[in-house]
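Novice: this one's sequence-less:
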């Protein structure tokens, strides 16, 4: 079992990573004056998808 498999099965780690991702998105949008909001959102979604964090499935284990 690799590190990403353990991450995908750890709900608390995913919640913390999601909170950190949201905070980073907010900070970048503040610093850029929301000029790149769509690109930042897209990058956040891609990063979360690659880590297996799907926001559309709240019941993920």
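Specialist: Cool, the structure landed. What you are looking at is a predicted structure, and each value in this text was computed from that prediction instead of being measured.
Novice: which residues in the protein form strands?
Specialist: Remark: no strands are assigned in the chain by DSSP state E.
Novice: Residue ranges in it under the pLDDT threshold?
Specialist: Residues of the chain meeting the criterion pLDDT under 70: 1, 56-61.
Novice: which other residues reach the top helix by length along the chain?
Specialist: For the chain, the longest helix by residue count, based on DSSP state H, is helix 11-32. Outside of helix 11-32, the residues within contact range by C-beta atoms under 8 Å, 6 or more residues apart in numbering are 7-8, 36-37, 40-41, 44, 47-48, 51, 53, 55, 60-61. In this view, the C-beta of every residue, glycine as well, is placed from N, C-alpha and C.
Novice: and if we set it to 6 Å?
Specialist: Helix 11-32 has contacts (C-beta atoms under 6 Å, 6 or more residues apart in numbering) with 7, 37, 40, 44, 53.
Novice: Would you mark the buried spots in it?
Specialist: Under the neighbour-count criterion of 16 or more other C-beta atoms under 10 Å, helix 11-32 has 14, 17, 21, 25, 28 buried.
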